[in-house]
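Chemist: Next comes the sequence, and after it the predicted model I'd like to discuss.
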Amino acid sequence: MLLRSRSRRLRKTLPLIGAAVALTAGALVGLPGAAQAAGPLPCDIYGSAGTQCVAAHSTTRALFAAYGGNLYQVRRASDNATANIGVLAAGDYANAAAQDSFCANTSCVITIIYDQTARHNDLTIEPAGTAGPANSGVPADALPVTAGGHLVYGASFSGRMGYRHRAASGVAVNGQPEGMYMVTSGTHFNSACCFDYGNVEVPIADTGNGHMDAIYFGTLCWFAPCNGSGPWVMADLENGLFQSNTGGSQNTANTGNRAPFVTATLKNNGQNFFAFKDGSAQSGGLATRYSGALPTFRPGYSPMHQEGSIVLGTGGDNSNGSIGSFFEGVMTAGVPSDAAENSVQANIVSVGYGGPSPVAGGTLNPGSTISLRATTANSTTRYIRHQNNNAITSVVAAGSSAVDRSDATWIVRRGLANNSCVSFESRNFPGDFLRHSNFQLFRQPMDGTALFRSDATFCPQAGRSGQGTSFASLNFPTRFLRHFNNTLFIASNGGPNTFDTATSWAADVSWAVSSPWTA
Ligand code: AHR
């Protein structure tokens, strides 16, 4: 119902993440695929080169040719039961079909990412630390991709999601040498601290300079200069994300890496040398971004003081505002040679990581990008968009600004709380979803809680006015997505709130699922 127009408020926007859809959009169907090549896999390569893996984590594939165990554990919301997801065969890809079957008609989170080495350095959901509250597990089906022609799932981190293994076995401590890599994504990142994989403190706290040695990926520029707009691979050595011994970048060619799949490496001899590299995980080799001395302009980094725990998705003290994607990663004892890193990169490229089958926009299939147009007679040029974190409707047209068109575009996801319904992820704020709170709709970062998941899940049905589609709230099933006074609510057909008025209710809750304003 259009009663009055709202004053336009100051808008805060992040840069458009142009390639996000290339990675995240996709049909949720398995593809026929080949078994993983019998040749050596990353930990076989590192082991042969004298730098054994002391941790190997992946939700997509085995990282040893002989590994035939479990990759990760999922827990489903309907009954809290858990299931281990393994590989199709030793040395092969994840058995995603087992996950799909176990999680059908409910939702699952990843509760454990198993270590594939004999050390059992498994990653479990990280509890509270000094800099952040307890984390949630990542949604198990939020990042469908293909690897070796198979549908598999990456781990998609929103804020307040992270994993840790405290006092891990065999991981470098007190100046010992080590190496690591992870495959992440240049389409899903932010500037909050700290999307890390690597060596952290035993307490979930900042215990001082040099007590961490982890790969960071994102746009948090800790020391100037940072060249270009990122995201950059950096070394999180605690109390700083380093691009060189002087902190900031010494490499004008390193403007960041926005490839859909990014290989990021870090090695550190624990005494006076570190180096990091990145490259596309889909083709080509690695570019060395820095190779040289450890920082000495501040104390504590040369030599290092690592504590030998492992983190994924947060900073050492559980700073957990960051977002990111993770497909695989390992840590080694000893500094890997450039030759070993190149062989590992070649193996990663051979996997053929890719987005799942493209999904046509304008539909409610998961992965599709859409815009949602009001059908009420006086509002048919208005679309659901976010503005200042609020969900509203506004007039959007071909001549609207890129920001307005992007704000009015959503990516359909399987329902965060029930995968037979849908959720709507912001096109230009990856990891943020449309959710209700006190019956009003907002764009907010997915925090992984059961409440958020339910508040962000909507079940489509035929439009209540006879046209289009209506979206029932999962946790308030008599309430539907409605525009009222240009603001979005979940509203019942008559009820205690002004926005529940029966006048125009059927039209106001009926939406045209349309082609996206932004591709
Ligand atoms: O070094 C950057 C961050 O600083 C670490 O990850 C965190 O422990 C601290 O807040």
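Modeler: Arrived safely, thanks for sending.

Chemist: The spatially closest residue to residue 84 that is not a sequence neighbour: neighbour count?
Modeler: Excluding the flanking residues, the one nearest residue 84 by Cβ to Cβ, 6 or more residues apart in numbering is residue 70, at 4.1 Å. Where C-beta positions appear, they are placed from N, C-alpha and C, glycine not excepted. For residue 70, the count of nearby residues is 18 (other Cβ atoms under 10 Å).

Chemist: for residue 70, which residues make a bridge with it?
Modeler: Residues in a beta bridge with residue 70, per DSSP bridges, are residue 86.

Chemist: That one: what's it in contact with?
Modeler: 84, 85, 86, 114 (Cβ atoms under 8 Å, 6 or more residues apart in numbering).

Chemist: try 10 Å this time
Modeler: Residues near residue 70 by Cβ atoms under 10 Å, 6 or more residues apart in numbering: 83, 84, 85, 86, 87, 94, 95, 112, 113, 114, 116, 122.

Chemist: And the first one, how close does it get to the ligand?
Modeler: When distances are taken as Cβ to the nearest ligand atom, to the nearest Å, residue 83 and the ligand turn out to be 32 Å apart.

Chemist: Check the second one too.
Modeler: Residue 84 sits 30 Å away from the ligand, going by Cβ to the nearest ligand atom.

Chemist: is it true that that residue touches residue 110?
Modeler: No: the pair residue 84 / residue 110 is not scored as a contact, 11.1 Å apart, by Cβ atoms under 10 Å.

Chemist: More neighbours: the two, which one.
Modeler: Applying other Cβ under 10 Å to residue 84 and residue 110 shows that residue 110 carries more neighbours, namely 27 against 17.

Chemist: A helix includes the more buried one, no?
Modeler: No: per DSSP: H, G, I helix; E, B strand; the rest coil, residue 110 lies outside any helix segment and is strand.

Chemist: Can you check what pLDDT the model gives it?
Modeler: Looking at residue 110, its pLDDT reads 97.

Chemist: so what's it up against?
Modeler: 59, 71-75, 85, 99, 123, 125, 136-142, 153, 155-156, 161, 163.

Chemist: Residue of the stretch 1-150 of the chain nearest the ligand, please.
Modeler: The nearest approach of the stretch 1-150 of the chain to the ligand comes at residue 131, 5.5 Å away (Cβ to the nearest ligand atom).

Chemist: list the contacts for that residue?
Modeler: 193-194, 204-206, 314-321.

Chemist: which residues touch the helix or strand hosting residue 291?
Modeler: Using DSSP states H and E, the element containing residue 291 is strand 287-292. Residues external to strand 287-292 that are found in contact with it (Cβ under 10 Å, 6+ apart): 232-235, 242-246, 249-251, 253-254, 257, 264-267, 272-280, 338, 341.

Chemist: on contacts alone, who are the packing partners of the helix or strand following that strand?
Modeler: Per DSSP H and E, the first helix or strand lying C-terminal to strand 287-292 is strand 309-312. On a contact count with 3 or more Cβ pairs under 10 Å, 6 or more residues apart in numbering; DSSP states H and E, strand 309-312 meets strand 53-58, strand 123-125, strand 163-165, strand 196-200, strand 213-218, strand 328-333.

Chemist: For residue 462, give me its contacts.
Modeler: 468, 469, 470, 510.

Chemist: For the spatially most central residue of the chain, list the residues it contacts.
Modeler: Centroid check for the chain by Cα atoms, centre = their mean gives residue 156 as the closest residue, at 2.9 Å. When contacts are counted by Cβ under 10 Å, 6+ apart, residue 156 touches 23-24, 110, 138-144, 185, 188, 323-326, 413, 425, 430-431, 446.

Chemist: could you redo the last one with a cut-off of 8 Å?
Modeler: 138, 139, 142, 143, 188, 325, 431.

Chemist: May I have the secondary structure class of it?
Modeler: Quick answer, by three-state DSSP: residue 156 is strand.

Chemist: picking that back up, can you tell me which of the contacts of residue 70 lies nearest to residue 484?
Modeler: Closest approach to residue 484 among those (Cβ to Cβ): residue 83, at 42.7 Å.

Chemist: Tell me how many other residues surround that closest one.
Modeler: By other Cβ under 10 Å, 19 other residues sit near residue 83.

Chemist: Please report the distance of it from residue 138.
Modeler: 16 Å (Cβ to Cβ, to the nearest Å).

Chemist: Then residue 226?
Modeler: Distance from residue 226 to residue 138, by Cβ to Cβ: 27 Å.

Chemist: Chain neighbours aside, what residue packs nearest to the residue in the stretch 51-200 of the chain positioned nearest to the ligand?
Modeler: As assessed by Cβ to the nearest ligand atom, the ligand sits closest to residue 194 within the stretch 51-200 of the chain, at 4.2 Å. Sequence neighbours aside, residue 315 is the residue nearest to residue 194 in space, at 3.6 Å (criterion: Cβ to Cβ, 6+ apart).

Chemist: okay, now the one you found: neighbour count?
Modeler: The burial count for residue 315: 29, using other Cβ under 10 Å.

Chemist: Also residue 381?
Modeler: As a burial measure, residue 381 scores 12 neighbours (other Cβ under 10 Å).

Chemist: Can you spell out which residues form a bridge with the nearest residue to it once chain neighbours are set aside?
Modeler: With sequence-adjacent residues excluded and distances taken as Cβ to Cβ, 6+ apart, residue 381 is closest to residue 395, at 4.8 Å. Using DSSP bridges, the bridge partners assigned to residue 395 are residue 382.

Chemist: Can you give me the distance of residue 395 to residue 385?
Modeler: Residue 395 is 10 Å from residue 385, by Cβ to Cβ.

Chemist: neighbour-wise, which of these two wins?
Modeler: residue 385 (28 against 16).

Chemist: element containing the more buried one?
Modeler: Going by DSSP H and E, residue 385 is part of strand 382-387.

Chemist: Just give me how far that strand sits from the chain centre.
Modeler: 24 Å (Cα atoms, centre = their mean, to the nearest Å).

Chemist: Most neighbours among the contacts of residue 131, please name it.
Modeler: That'd be residue 316 among the contacts of residue 131, by other Cβ under 10 Å, with 32 neighbours.

Chemist: got JSON lines for the helices and strands packed on strand 309-312, with mean pLDDT and mean neighbour count too?
Modeler: Below are the helices and strands packed on strand 309-312 laid out as JSON lines (pLDDT from 0 to 100; neighbours: other Cβ atoms under 10 Å):
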{"stretch": "strand 53-58", "mean pLDDT": "98", "mean neighbour count": "27"}
{"stretch": "strand 123-125", "mean pLDDT": "98", "mean neighbour count": "21"}
{"stretch": "strand 163-165", "mean pLDDT": "98", "mean neighbour count": "25"}
{"stretch": "strand 196-200", "mean pLDDT": "98", "mean neighbour count": "32"}
{"stretch": "strand 213-218", "mean pLDDT": "98", "mean neighbour count": "29"}
{"stretch": "strand 328-333", "mean pLDDT": "98", "mean neighbour count": "28"}
